[in-house]
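**Q** sequence? don't have it. structure:
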Ligand code: AMP
Ligand code: TRP
């Protein structure tokens, strides 16, 4: 087996925002060169938070379209919808029998989401399904934002536990997070991460936002009352977040940006940030608006066929190892 397989996933809920783009998607695009990449729109995960059937169907297509428009290349990589490949759910059941309740109840995302109400077994078991997504394809690396580190630790633990009990079936996958932008913060509260579930739409930039809206949202971003553009995540978390965003979108180093913008008023600095974001997202915006839903559906269908072939072969070995006949 080659040592360069990669898997990652994104939920079809809400719009894809700049945190998703910088923390995950743009790295998914560049990593296609080096890895045999498998990307997935994880609709079964999205069911753990209530949304209507029409809304989920629409979000699934929209999310897949966005992945194609950012540059996931369906001739090179797989890009499919999780529920089209039933082996994910079957492996999740098997792995669930190895997962400890204590470990699952310490998951930060579970605690945050269940505190907001809507506790359900699916939400509790969510990280086990995530482990199955990754392990079914026996991949070596998983590129994600910072918030997924804990889920990935559980994945490694389950892989090791399975291998110890049933034989060396799974590679133990490594987490890859970007150096800049692994945790893009909210524009309204720079101590909280930018999130799809924040009720305030001004807290995030959606990658489908118009240039005007992007500029407005960045102008209204919370900064501090001081002056001077410096990188200091303690004293200037808002400015530092905007510097991270600019560095990620322009490909320039933070030091270089600070040297250029140090003496700017915050208003002028924010305009420069907005320019970098608008320019950086322009190729995405035009690709997205030109793409038809039918094209997206075709790609999903042919990718799912190939993913089923690989997942079914993998699951046969797993079933054999645990004694399912
Ligand atoms: P989700 O929207 O929760 O399905 O996340 C999809 C991907 O985006 C995952 O790899 C997350 O770690 C990443 N991500 C989500 N929010 C952020 C953020 N604020 N900063 C960086 N990465 C993020
Ligand atoms: N839990 C991830 C998130 O919310 C999405 C996800 C599901 C995922 N399965 C995965 C990410 C497998 C990486 C690998 O962002």
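**A** Perfect, thanks for sending it. Just so we're clear, the structure is a prediction, and the values are computed from it rather than from any experiment. Ligands and ions are numbered 1, 2, ... in the order given.
**Q** can you map out the helices along the stretch 101-250 of the chain?
**A** 101-105, 108-115, 121-136, 149-166, 211-219, 237-250 (DSSP state H, counting those that start in this stretch).
**Q** For ligand 2, find the nearest of those.
**A** Ranking the helices of the stretch 101-250 of the chain by proximity to ligand 2 (C-beta to the nearest ligand atom) places helix 121-136 first, at 3.9 Å. Quick note: C-beta positions are derived from backbone N, CA and C, even for glycine.
**Q** Between helix 149-166 and that closest one, find me the angle.
**A** Here helix 121-136 runs at an angle of 70 degrees relative to helix 149-166 (axes from the mean of the first three to the mean of the last three C-alpha atoms, to 10 degrees).
**Q** Now residue 73: closest residue in space, sequence neighbours ignored.
**A** residue 32 (6.0 Å; C-beta to C-beta, 6 or more residues apart in numbering).
**Q** What's the separation between that neighbour and residue 206?
**A** Distance from residue 32 to residue 206, counting by C-beta to C-beta, to the nearest Å: 24 Å.
**Q** go on, residue 224?
**A** 25 Å.
**Q** Up against ligand 2, what does the stretch 101-250 of the chain have?
**A** Residues of the stretch 101-250 of the chain lying close to ligand 2 by C-beta under 6 Å from any ligand atom are 130, 133, 134, 142, 144, 148, 151.
**Q** Show me which residues of the stretch 101-250 of the chain are close to ligand 1?
**A** Near ligand 1, when you scan the stretch 101-250 of the chain using C-beta under 6 Å from any ligand atom, you find 144, 145, 147, 148, 182, 183, 184, 193, 194, 196.
**Q** Let's see that with 8 Å instead.
**A** 143-148, 181-186, 193-196 (C-beta under 8 Å from any ligand atom).
**Q** chain center to stretch 86-100: distance?
**A** Relative to the chain's own centre, stretch 86-100 is displaced by 21 Å; criterion: C-alpha atoms, centre = their mean, to the nearest Å.
**Q** Give the rounded mean pLDDT of that stretch.
**A** Here stretch 86-100 scores 98 as its mean pLDDT.
**Q** Could you give me the buried positions within it?
**A** In terms of neighbour count (16 or more other C-beta atoms under 10 Å), stretch 86-100 has its buried residues at 87, 88, 90, 91, 92, 94, 95, 96, 98, 99.
**Q** what do you get for stretch 175-182?
**A** Neighbour-count burial for stretch 175-182, counted by 16+ other C-beta under 10 Å, picks out 175, 176, 177, 178, 180, 181, 182.
**Q** picking up where we left off before, my guess is the residue nearest to residue 73 contacts residue 79, does it?
**A** No. Using C-beta atoms under 8 Å, residue 32 makes no contact with residue 79, being 10.2 Å away.
**Q** So for those two, which sits in the more crowded spot?
**A** Neighbours per residue, other C-beta atoms under 10 Å: of residue 32 and residue 79, the larger number sits with residue 79, 24 against 17.
**Q** hey, what's the more buried one bridged with?
**A** Partner residues in beta bridges with residue 79, using DSSP bridges, are residue 39.
**Q** ok, it touching residue 65?
**A** No. Under the criterion of C-beta under 8 Å, residue 79 makes no contact with residue 65, lying 10.5 Å away.
**Q** Which one's more surrounded, residue 224 and residue 206?
**A** Using other C-beta under 10 Å, the more surrounded residue of residue 224 and residue 206 is residue 206, with 19 against 14.
**Q** Could you check how far the closest residue to ligand 1 within the stretch 201-325 of the chain is from residue 215?
**A** Closest contact between the stretch 201-325 of the chain and ligand 1, by C-beta to the nearest ligand atom, is at residue 204 (8.1 Å). Residue 204 sits 15 Å away from residue 215, going by C-beta to C-beta.
**Q** before we move on, the earlier item: okay, among the buried residues of stretch 175-182, which ones form the most distant pair?
**A** Using C-beta to C-beta, these reach their maximum pairwise distance at 175 and 180, which is 16.4 Å.
**Q** So which bits of the helix or strand bottoming out on mean pLDDT in the chain are buried?
**A** Ranked by mean pLDDT, DSSP states H and E, the helix or strand of the chain with the weakest confidence is helix 108-115, at a mean of 91. Under the neighbour-count criterion of 16+ other C-beta under 10 Å, helix 108-115 has 110, 113 buried.
**Q** Not counting that helix itself, show me its contacts.
**A** For helix 108-115, the external contacting residues (C-beta atoms under 8 Å, 6 or more residues apart in numbering) are 48, 49, 104, 105, 123, 124, 126, 127, 147, 150, 151.
**Q** re the thing from before, in the residues of the stretch 101-250 of the chain next to ligand 1, find the pair that's most separated.
**A** Distance extremes for these: the farthest pair is 143 and 186 at 22.3 Å, using C-beta to C-beta.
**Q** contact partners of the helix or strand containing residue 280?
**A** In this assignment (DSSP states H and E), residue 280 forms part of helix 266-290. For helix 266-290, contacts defined as C-beta under 8 Å, 6+ apart pick out 18, 21, 65-66, 68-71, 205, 207-208, 211, 214-215, 218-219, 221, 223, 227, 229, 239, 242, 245-246, 249-250, 261, 264.
**Q** Thanks again, I'm all set now.
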